[in-house]
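Undergrad: requesting a structural model of the entry that follows:
(chains A and B)
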Amino acid sequence: QVQLQESGPGLVKPSQTLSLTCTVSGGSISGGDYYWSWIRQPPGKGLECIGYIYYSGSTYYNPSLKSRLTISVDTSKNQFSLKLSSVTAADTAVYYCSRLTVAKDVFDIWGPGAVVTVSS
Amino acid sequence: QTVVTQEPSFSVSPGGTVTLTCGLSSGSVSSTNNPSWYQQTPGQAPRTLIYSTNTRSSGVPDRFSGSILGNKAALTITGAQADDESDYYCVLYMGSGSYVFGTGTKVTVL
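TA: Presented below is the predicted three-dimensional model:
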């Protein structure tokens, strides 16, 4: 079955760029009705959809983050990535990657999450 | 900015029934929002429970059910068990590619 795993630095300095990668195993990132998404959860708070990407490269970005956000896909490695620039303490969160089945509007597979702290 | 509202908390007795709701700060929820529901325990990733308003995800017990009640989406737990004690989040599709998570409900079973 399809599994997702986030990876990347757990500590990022303020004003720098947060970078995470999600590796998809047990299935191909290409094709199908699946988009590949990033969702975050600040400590003690709720979930927020950051954005998502189709294997072809088409993207949706949360308008509140759009100016700082880049989501990309590498089909040869079966991975997709998140870059969030000019981070502040407010970007400290658990970052989840998730498969979005658009035909059913459901985030149906989740990675375990990656804790990212923004601190000097 | 659309806000998807949920009750902050609910308490239910073991074996009891509880209905959580998911509404909009402005407007009504309908099946076209394709509500989905997720369960999250501390330190864990969310688990998908319900999608397309009332379809249970694979492996989800039938004590969980989804519906539209009035102008809100609803998740009902019938015959609550101790391990149902979790945070529950809804998601609504708002059009133009936008998916918005609800504020979350903490359910206590005691």
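Undergrad: ok, what's across the strand from B:Tyr93?
TA: B:Tyr99 (DSSP bridges).
Undergrad: neighbours of it, how many?
TA: Counted with other CB atoms under 10 Å in any protein chain shown, the neighbours of B:Tyr93 add up to 18. From N, CA and C alone the C-beta is placed, and that goes for glycine too.
Undergrad: what of A:Ser120?
TA: Around A:Ser120 there are 9 residues (other CB under 10 Å).
Undergrad: quick check, it in a helix?
TA: No: read with DSSP: H, G, I helix; E, B strand; the rest coil, A:Ser120 is coil and lies in no helix.
Undergrad: check contacts around it.
TA: A:Lys13, A:Pro14 (CB atoms under 8 Å, 6 or more residues apart in numbering or on different chains).
Undergrad: what pLDDT does it get?
TA: Note for A:Ser120: predicted pLDDT of 96.
Undergrad: quick check: the gap between B:Ser25 and B:Met94.
TA: 12 Å (CB to CB, to the nearest Å).
Undergrad: residue contacts, the closest residue to B:Phe64 other than its chain neighbours?
TA: Spatial nearest neighbour of B:Phe64, excluding adjacent residues (CB to CB, 6 or more residues apart in numbering or on different chains): B:Leu49 at 5.3 Å. Taking CB under 8 Å, 6+ apart, we find B:Leu49 in contact with B:Ser36, B:Trp37, B:Tyr38, B:Gln39, B:Arg56, B:Ser57, B:Val60, B:Phe64, B:Gly66, B:Leu75, B:Tyr88.
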